[in-house]
Structures are given as C-alpha cells and as structure tokens.
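J.: Generate coordinates for the sequence data below:
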Amino acid sequence: MKDTKPIPFDSAALLRTVARLGFIVVAVFITHQLMSWVMSEAEAAKSGPLMIGLVLVVLCAYIVLISIPFVPGIEIALSLMIIRGPEVVIWVYVATVLGLFLAFLAGQYLSYGYLHSIFRDMRMKRACDLLDTIQPLSRDERLSLLKSKIPSPLRPFLIEGRYAIIGIVLNIPGNALVGGGGGIMLVAGLSRVFSTCWLLVTLLCAVAPIPIAILVFGIDPLALLRHI
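T.: Coordinates of the predicted model:
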C-alpha cells in the first residue's frame, strides 16, 4: 500500500533544489558565453590550425549543450554550418548523435534512488510513487505496465513503435517545449524500456536527413543564410 502522507516541508531540501538549478543555469550560461567567444574567433580565423581547434571546441561544447534538457543546442550547429559550410556537416552530425546518446545514457544509468531524492526535495510525491512502482520491474514488466495504461488501438504504435516515435519526436520543430532532444533522450533512458543498441541505431537514422540532403544530394539549405 502506498504512503498517502504528503511530503513534509524541508528547508534543506529547498536549498538543495535551488543549488541544483543554480548550478545548471550557471553552467549553461558560462558555456554559452564561451561559445559566443569561440564562434567569433572561429569566424575571424576562417582557416588554419587555429580554426580547426576552435571548431573542435565548439563541437565538444555542442555535445554537452544538446544533451541538457530544455537547452536548444541546434543554433550552435546552424552557426557552424553557416560559417564553415557543408564541410563540417558530418562532424555536426556525429556531435549531435553523441550529445543525444549521452543524454540517453545519463538517464539509463542514473540511480533511481538519487532521482527519488531529487523528486522528494521538489515535493513531487506522485513522481516518487511512480519510481517506487517501476524500480523493481524488468523491461518486459515495464512494457506490460505501459500497455495496461494505453488504449488498445494505440498500443502497437506507442509500444512496438516506440523507437520510431523517438525518431519522429526528435525531428518535430519546437520540441524544446517538451524538453528538447536532451530531455526526450533523458526520459527515454530513465524509462529503461529501450535497448541501448537499437536506440543508437534510431539516433543515427533520426539525425541523418539533413546531412544526407547536403552531402548526398548536394542540397545546401544554409547557403542563403551564409550570404545574408
């Protein structure tokens, strides 16, 4: 039987929550400031070893940023392609896959106990109860639980087609409203209902359309932007 008592107010929990949020905000702010400086330096360098080093720094920062929920990192990728053109598309593609996969792994290996403590500090009792319910379940048992909560006509689409749904949602404009790519992949990892191997294959396919359009068919949708 679940505990129905509300989570009591705890000033220390409030301070921990504020500290966590503050750390994320500061880290994102510093990274963005660094990115702005590096991008300006990269645009000025244009070519040579310095340019290559700066682009690598940008790509590494991009991997981190795109893995963070609710942080839209796609503008960094667009900036890189505007400055350097199609020659960096493959590297941006690899960085995007790595960043999203990093978010998935973070969710997959994040301790439920630690996550429970975060939700408890935020007084999210229903989320705590959900973790208590699903923590001891295997992947098949979790899928069965999901099936029991979903209307029968939608089960094949939402359960058997869950990898396709991930690919579709990642490509929907405005997905930052539901956590962005990093948030979507973090939740996918937390659910523990996705195979690591097949999820990576899904990411490789989901991120591929624009690179394929540019590298295979010679379509450069950013050419106009580079001349503005």
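
J.: residues touching the residue nearest in space to the middle of the chain, list them.
T.: Closest to where the C-alpha atoms of the chain average out (C-alpha atoms, centre = their mean) is residue 182, at 1.1 Å. Residue 182 is in contact with 66, 67, 68, 69, 70, 71, 73, 99, 100, 103, counting by C-beta atoms under 8 Å, 6 or more residues apart in numbering. Placement of C-beta: from N, CA and C, glycine included.

J.: out of these, which are buried?
T.: Among those, the ones that count as buried by 16 or more other C-beta atoms under 10 Å are 66, 67, 68, 69, 71, 73, 99, 100, 103.

J.: Quick check: which of those has the minimum pLDDT.
T.: The weakest per-residue confidence within the buried ones among the contacts of residue 182 falls on residue 73 (64).

J.: Can you pull out the low-pLDDT segments for the chain?
T.: For the chain, the stretches with pLDDT under 70 are 1-10, 13, 32, 35, 38-39, 41-51, 72-85, 174, 176-178, 218-228.

J.: count of neighbours near residue 108?
T.: Around residue 108 there are 17 other residues, counting by other C-beta atoms under 10 Å.

J.: That one contacts residue 189, doesn't it?
T.: Yes. Taking contacts as C-beta atoms under 8 Å, residue 108 lies within contact range of residue 189: 3.7 Å.

J.: Helices along this structure, start to end?
T.: Ranges of helices within the chain are 11-45, 49-66, 74-84, 89-109, 112-121, 125-134, 139-149, 155, 162-170, 180-191, 196-206, 209-215, 223-226, based on DSSP state H.

J.: most packed of those?
T.: helix 180-191 (a mean of 23; mean count of other C-beta atoms under 10 Å).

J.: Any chance of the backbone angles for the residue nearest to residue 143 when sequence neighbours are not counted?
T.: Spatial nearest neighbour of residue 143, excluding adjacent residues (C-beta to C-beta, 6 or more residues apart in numbering): residue 193 at 5.6 Å. When read as degrees, to the nearest 10, the backbone of residue 193 gives phi -110, psi 10.

J.: unless I'm mixing things up, residue 193 is touching residue 162, no?
T.: Yes. Judged on C-beta under 8 Å, residue 193 makes contact with residue 162 at a distance of 6.9 Å.

J.: ok so, going back, between the buried ones among the contacts of residue 182, which is closest to residue 202?
T.: Relative to residue 202, the closest of the buried ones among the contacts of residue 182 is residue 100; by C-beta to C-beta it sits at 9.7 Å.

J.: Pull up the gap between that closest one and residue 71, please.
T.: Counting by C-beta to C-beta, to the nearest Å, the separation of residue 100 from residue 71 is 12 Å.

J.: From residue 151, how far out is residue 58?
T.: For residue 58, the distance to residue 151 equals 45 Å [C-beta to C-beta].

J.: Repeat that for residue 139.
T.: 22 Å.

J.: likewise residue 101?
T.: Look at residue 101 and residue 151: by C-beta to C-beta, they are 31 Å apart.

J.: same question, residue 37
T.: 51 Å.
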